[in-house]
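# Here is a sequence together with a model predicted from it:
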Amino acid sequence: MRKLTDELGNAISNDNFSLSTGIPGITVIEDTYMMNKLAHFNRERIPERVVHAKGSGAFGYFEVTNDLSKYTCAKFLSNVGKKTEMIARFSTVGGEKGSSDSARDPRGFALKFYTEDGNYDLVGNNTPVFFIRDAMKFPDFIHTQKRDPKNNLKNPNMVWDFFSLTPESMHQVIILFSDRGTPKGFRHMHGFGTNTFMWYNEKNKYCWVKYHFKTEQGIENWTDEEATKLSGTNPDSSMSDLYDNIKCGNYPSWKVYVQIMSIEEAKKYRFDPFDPTKVWYHKDYPLIPLGRMVLNRNPQNFYTDIEQVAFSPSHFVNGIGPSPDKLLQGRIMAYPDAHRHRIGANVNELAVNKPKSPMTTYQKDGDMADTSQGNTKLNYFPNSYEDVYTDEKYRTPDFDVSGFIQRHTYPSSDIDFEQPGELYRRVMNDKQKEILINNICGSLKLADLKLQYRMTALFYKTDVNLGTRISDKLCLNIDNVRALAVMTQEQRVLNTK
């Protein structure tokens, strides 16, 4: 056994949980180990994106269809009928730039709104949940989806080892191995903000929101066999589908909804509302119409418009802010850092990233600097020579934080299996269940036997029928699976070492 250390040889007390004030809580900036871990991860490959390398996108507009201004003072959401220019980029997650569009993978759903108050970015996926709930685990998760450092080949042991050691991933795993893991192009998938966000109004009263983008083209998915065949015959299928439809005037569109939860309700909800591995039940928080997104213009130059577009969940406008979602808090730091590394310090001066609203900043120079940076002649603030001021009306709401700074363990519990179990039992029909099991077993059978047992025990814990059918198809001993399922996660791991 070797003790885990950082790059300077300092022993690490905990590598799974960020330094925060509690659960839910705020991740603190003094967590330099997490910052260094995420920053190092961002610099592992150049120049393509470390994740979401393969993608496509288009320009369009967002139109407000329902007045929700009592919840948020964001100007671009202020009036019914108001339109805001925007750009969207869709992508696979794990594959390299030349990988297949039809690979089994979540799909990125990244949006940039060019509002009168500056750029607002909403960076989500085509699924409402994610694999992890703490940003500390993100580099490790992505490493398992990439290539084995020993031989540069994909390794199913890495994939299933991580999933089996991360029970909160079960909800996303079941979605991924259903046909929703192979959407039939970007036009035929929903989009979600995934994380929880804050909305606040002019009185600084705030609430929590989740975003939903429902495709008006209808949900369509490839089967595993169709997706595999398409990877060989047309690996750019989603890209060409999006481009060709916009070119011929068949503009894709999505209806946009939000769920809204008050701060009082969040304190007593049945589970942590800031946990991105879970959805808010629609019966508790119904979808509220907000607007409509339409994509109607293809990029003129793919490199300048799509490759150089830089999205970050830290790009907020007045009326919208972050929440105590620990995954979101890590993303807020990591995304702009990735863009500074990949494109440069002045990434936001490129045309596709530059706000349409006036910009006054004293950040100067750096690589690829524009001589008109920020419309100021000096490079410091405050100063006695330019009439530039700050405005307290843009102050975000006071947010009560208390707790003890520590790497608080967020253990897996039975609640992590509730929603994936309901997804299997109540949402999927018999055919969809069979497809899910075939897809899971087609991949899991390639992993080591001990990982098959550990993972199947988690499926059994999610739903007895699901676990039993997977066990039968993999020819595992169901008594051993059942015994592992009733153990704690620590015991289960110890017994499958």
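Good, I have the coordinates.
# Then Met35 would be within a helix, right?
Yes. The assignment for Met35 by DSSP: H, G, I helix; E, B strand; the rest coil puts it in a helix.
# The residue lying closest to it once chain neighbours are set aside: how many residues sit nearby?
Spatially, and ignoring its direct neighbours in sequence, Met35 is nearest to Met333 (6.6 Å; Cβ to Cβ, 6 or more residues apart in numbering). Glycine gets a C-beta too; all of them are placed from N, C-alpha and C. When neighbours are counted by other Cβ atoms under 10 Å, Met333 registers 21.
# can you check Asp105 too?
23.
# I figured Asn234 hits Ala227, correct?
No. Asn234 lies out of contact with Ala227 (Cβ atoms under 8 Å); the separation is 11.1 Å.
# Would you mind telling me which of the two has the busier surroundings?
Neighbour count, other Cβ under 10 Å: between Asn234 and Ala227, Ala227 has more, with 21 against 15.
# so who does the more buried one touch?
102-104, 182 (Cβ atoms under 8 Å, 6 or more residues apart in numbering).
# any chance of those in a markdown table, with distance to Leu153 and pLDDT too?
Output for those, formatted as a markdown table (distance: Cβ to Cβ, whole Å; pLDDT from 0 to 100):
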| residue | distance to Leu153 | pLDDT |
| --- | --- | --- |
| Ser102 | 20 | 96 |
| Ala103 | 15 | 96 |
| Arg104 | 17 | 97 |
| Thr182 | 22 | 97 |
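# For Trp254, state which of the residues you listed is nearest.
Looking at the contacts of Ala227 and their distance to Trp254, the nearest is Thr182, at 19.5 Å (Cβ to Cβ).
# Just give me the neighbour total for that closest one.
25.
# Against Lys431, how distant is the residue nearest to Ile435 when sequence neighbours are not counted?
The shortest distance from Ile435 to any non-neighbouring residue, by Cβ to Cβ, 6+ apart, is to Asp179 (5.9 Å). In this view, Asp179 and Lys431 are 10 Å apart by Cβ to Cβ, to the nearest Å.
# repeat for Lys150
From Lys150 over to Lys431 (counting by Cβ to Cβ), the distance is 39 Å.
# OK, contacts around Phe41?
50, 138-139, 142, 334.
# ok, now with 10 Å
By Cβ atoms under 10 Å, 6 or more residues apart in numbering, Phe41 lies in contact with 50-51, 138-140, 142-143, 334, 337-338.
# With Trp254 instead?
By Cβ under 10 Å, 6+ apart, the neighbours of Trp254 are 60, 62, 88, 109, 111, 187, 189-191, 212-217, 291-295.
# one more time with 6 Å, if that's ok
213, 215, 293 (Cβ atoms under 6 Å, 6 or more residues apart in numbering).
# Of Asp179 and Lys431, which one has the most company?
Applying other Cβ under 10 Å to Asp179 and Lys431 shows that Asp179 carries more neighbours, namely 22 against 9.
# hang on, isn't that one packed against Asn221?
Yes. Counting by Cβ atoms under 6 Å, Asn221 is a contact partner of Asp179 at 3.9 Å.
# per-residue pLDDT, Pro47?
Per-residue confidence (pLDDT) for Pro47: 78.
# now Ala11
So Ala11 comes in at 81 (pLDDT).
# so who does it touch?
3, 5.
# what bridges to it?
Taking DSSP bridges as the rule, Ala11 bridges to Thr5.
# distance of it from Pro47?
With Cβ to Cβ as the criterion, Ala11 and Pro47 are 35 Å apart.
# Outline the domain layout of this protein.
Residue ranges for each domain of the chain read 32-96+103-128+183-264+276-349, 415-494, as given by automatic domain parsing.
# Rebuild these as JSON lines, extending it with distance to Tyr380.
Shown next, in JSON lines, are the domains of the chain (distance: least, Cβ to Cβ, whole Å):
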{"stretch": "domain 32-96+103-128+183-264+276-349", "distance to Tyr380": "17"}
{"stretch": "domain 415-494", "distance to Tyr380": "50"}
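# Which stretch among those domains approaches Met1 most closely?
domain 415-494 (13.9 Å).
# what about that closest one, how long is it end to end?
22 Å (Cα to Cα, to the nearest Å).
# now do stretch 316-326
Termini of stretch 316-326 sit 17 Å apart (Cα to Cα).
# Contacts for it next, please.
18, 24, 26-27, 72-74, 115, 117-118, 120, 134, 195-198, 208, 274, 328, 394, 396.
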